[in-house]
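*Asks:* Predicted model, plus sequence, below.
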Amino acid sequence: MLTGGLSRKQVLAELKKIRHLDQRYDDGKILCSMCTKPHPMAEKAYKLFLNSNLGDSGLFPGSVQLQQEVVHELATLLHGENCIGHVVSGGTEANLMALLAARNMANASDPEVILPESAHFSLTKICNVLNIKPVYAKLDNSYMVDPLQVAKSVSENTVAIVGTAGTSELGVIDPIEALSRISSQCKVWLHVDAAFGGLVIPFLADNKPQFDFSLGAVQSMTVDPHKMGMAVIPAGGVLFRHEEALDCLKTETPYLTDLYQYTFVGTRTGAAAASAWAAFKSLGIEGYRKIVGKCMKNTQLIADGLVEEGCSLVVQPSLNIVAFRSKGGTKHMSEKLRQKGWFISYVPRYDCIRIVVMPHVKKKHAEVFLKDVAGIEKL
Ligand code: PLP
């Protein structure tokens, strides 16, 4: 650290210089991110609540109220009006809290969790942290988890079954209805990781599968405002059907203004809840429908354009994610696209390129991208 501080002007100049190293969503080149440019009101709300700490909530009852309202909005959207939960740091913490509750409720000596092979890698991390054995269930030909494989994997040690509503790599929605039936029969906790899809599926025009608390066995869900909710990072969400789940997560906080904490992260910003609240209030159901509608239109434009150029789709997009392979070699295509400045993901396990068509990806960006693909495909 410097002995004396820099002037305000110098600090800002340095920061602006370094800021140039970061990519900007507005350039339309980021096609691999599940986050996007936040809604302008979400940014304003974030700044307004910058100093609030939900980890010492007695000091910040306003932030607590915003968190409760955000949880209620998410729960209502996902057909669980009476659910309780928290705004957390992201999908990883939300999944962690859900599996911690499931494990503690079950009280098994050698806990296992059944994960689709396509489950987000956060769940592998979480199993490691919680000392739960992950049991991976195979996918069917459409890259959805195969319910038969799940049913076969249930044992007396199973503390939870996880389904994903919107897989990170392909945007596939697992058959949550079938998983719900298995969970009911086997009396096992069902967690739905809808970190991404939870704020997309409800706003789709059609083909909306049942994936939420409308299914009786779903005990917990992850749904992240900092993805398609257009809130500022770090805004994840975890919801529980029953209040008893919180008892399993409770830790006494002897010297703080609250008696207990229920999240993994201690000191945490109330600005995240404020930003999600502001995005929800500003956009409403209609606003999100419009945004999702545009993303889906651009997704279809890209998918159709890729097929026209001779590429093949791994699956027909259900959400705003396109996964494709190139005739001339997919890895080669991904390297060439990277050289042209596109940020795309190459997914080795499916040998495909994955594109997330977030709200910052406009029609004009999609068209330039398709031109670049066509140029590379012709080489
Ligand atoms: N679950 C799913 C389905 C995701 O796609 C992601 C991240 O993209 C996560 C969990 C983890 O979320 P985060 O990166 O916010 O911790």
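*Replies:* Received it, and whenever you're ready, just let me know what you need. Predicted model, so just to flag it, every value in this text is computed and none were measured.

*Asks:* Am I right that residue 168 is in contact with residue 196?
*Replies:* Yes: using C-beta atoms under 8 Å, residue 168 is in contact with residue 196, at 6.7 Å. Glycine gets a C-beta too; all of them are placed from N, C-alpha and C.

*Asks:* Give me the more crowded residue out of those two.
*Replies:* Legend: neighbour count by other C-beta atoms under 10 Å for residue 168 and residue 196, higher for residue 196 (26 against 23).

*Asks:* That one: what's it in contact with?
*Replies:* 34, 91, 166, 168, 171, 224, 227-228, 319 (C-beta atoms under 8 Å, 6 or more residues apart in numbering).

*Asks:* So which residues of the stretch 151-300 of the chain form strands?
*Replies:* 158-164, 189-193, 218-222, 236-240, 251-252, 260-261 (DSSP state E, counting those that start in this stretch).

*Asks:* if we can go back for a sec, so which of the contacts of residue 196 also contact the ligand?
*Replies:* Among the contacts of residue 196, proximity to the ligand is found for 34, 91, 168, 224 (C-beta under 6 Å from any ligand atom).

*Asks:* how about the residues of the stretch 201-350 of the chain that lie near the ligand?
*Replies:* 224, 236.

*Asks:* tell me the domain boundaries of the protein?
*Replies:* Here the domain parsing of the chain from automatic domain parsing is 24-38+285-377, 40-280.

*Asks:* So for residue 269, what pLDDT did the model give?
*Replies:* pLDDT recorded at residue 269 is 98.

*Asks:* pretty sure residue 172 is touching residue 142, no?
*Replies:* Yes: counting by C-beta under 8 Å, residue 172 touches residue 142, with 7.0 Å between them.

*Asks:* From the ligand, how far out is residue 109?
*Replies:* Going from residue 109 to the ligand by C-beta to the nearest ligand atom, to the nearest Å gives 28 Å.

*Asks:* now that residue, nearest residue through space, not along the chain?
*Replies:* Closest residue in space to residue 109, ignoring its immediate chain neighbours: residue 157 at 7.6 Å, by C-beta to C-beta, 6 or more residues apart in numbering.

*Asks:* so the one you found makes contact with residue 103?
*Replies:* No: Residue 157 is beyond contact range of residue 103, at 10.6 Å (criterion: C-beta under 8 Å).

*Asks:* between those two, what contacts are shared?
*Replies:* residue 111.

*Asks:* Spell out which residues of the stretch 51-200 of the chain are next to the ligand.
*Replies:* So the stretch 51-200 of the chain meets the ligand at 90-92, 95, 120, 122, 164, 168, 193, 195-196 (C-beta under 6 Å from any ligand atom).

*Asks:* ok, 5 Å please
*Replies:* Listed as neighbours of the ligand in the stretch 51-200 of the chain under the rule C-beta under 5 Å from any ligand atom: 90-92, 120, 122, 168, 193, 195-196.

*Asks:* Can you lay out these as JSON lines showing pLDDT and distance to residue 203?
*Replies:* Shown next, in JSON lines, are these (pLDDT from 0 to 100; distance: C-beta to C-beta, whole Å):
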{"residue": "90", "pLDDT": "98", "distance to residue 203": "21"}
{"residue": "91", "pLDDT": "98", "distance to residue 203": "19"}
{"residue": "92", "pLDDT": "98", "distance to residue 203": "24"}
{"residue": "120", "pLDDT": "98", "distance to residue 203": "21"}
{"residue": "122", "pLDDT": "98", "distance to residue 203": "24"}
{"residue": "168", "pLDDT": "98", "distance to residue 203": "19"}
{"residue": "193", "pLDDT": "99", "distance to residue 203": "18"}
{"residue": "195", "pLDDT": "99", "distance to residue 203": "16"}
{"residue": "196", "pLDDT": "98", "distance to residue 203": "13"}
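
*Asks:* Tabulate these in a markdown table, adding columns for distance to residue 332.
*Replies:* Supplementary listing: those in a markdown table, determined by distance: C-beta to C-beta, whole Å:
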| residue | distance to residue 332 |
| --- | --- |
| 90 | 33 |
| 91 | 32 |
| 92 | 32 |
| 120 | 27 |
| 122 | 30 |
| 168 | 24 |
| 193 | 32 |
| 195 | 31 |
| 196 | 28 |
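
*Asks:* just to revisit the earlier point, which two among the ones next to the ligand among the contacts of residue 196 are spaced furthest apart?
*Replies:* 168 and 224 (11.4 Å; C-beta to C-beta).

*Asks:* Touching, residue 213 and residue 85? I think so.
*Replies:* No: the criterion here is C-beta under 8 Å, and residue 213 misses it with residue 85 at 11.1 Å.

*Asks:* Between those two, which has more neighbouring residues?
*Replies:* It is residue 85, of residue 213 and residue 85, that has more neighbours when counted by other C-beta under 10 Å, with 29 against 24.

*Asks:* Regarding the more buried one, what is its secondary structure?
*Replies:* strand (DSSP: H, G, I helix; E, B strand; the rest coil).

*Asks:* Can you verify my assumption that it contacts residue 237?
*Replies:* Yes: judged on C-beta under 8 Å, residue 85 makes contact with residue 237 at a distance of 6.4 Å.

*Asks:* Between these two, which contacts overlap?
*Replies:* Joint contacts of residue 85 and residue 237 (C-beta under 8 Å, 6+ apart) are 71, 74.

*Asks:* Contact partners for residue 238?
*Replies:* So, once contact is read as C-beta under 8 Å, 6+ apart, residue 238 ends up touching 85-86, 88, 93-95, 97-98, 220-222.

*Asks:* tell me, how many neighbours does the closest residue to it other than its chain neighbours end up with?
*Replies:* Among residues not flanking residue 238 along the chain, residue 94 sits closest, at 3.7 Å (C-beta to C-beta, 6+ apart). Counted with other C-beta under 10 Å, the neighbours of residue 94 add up to 30.
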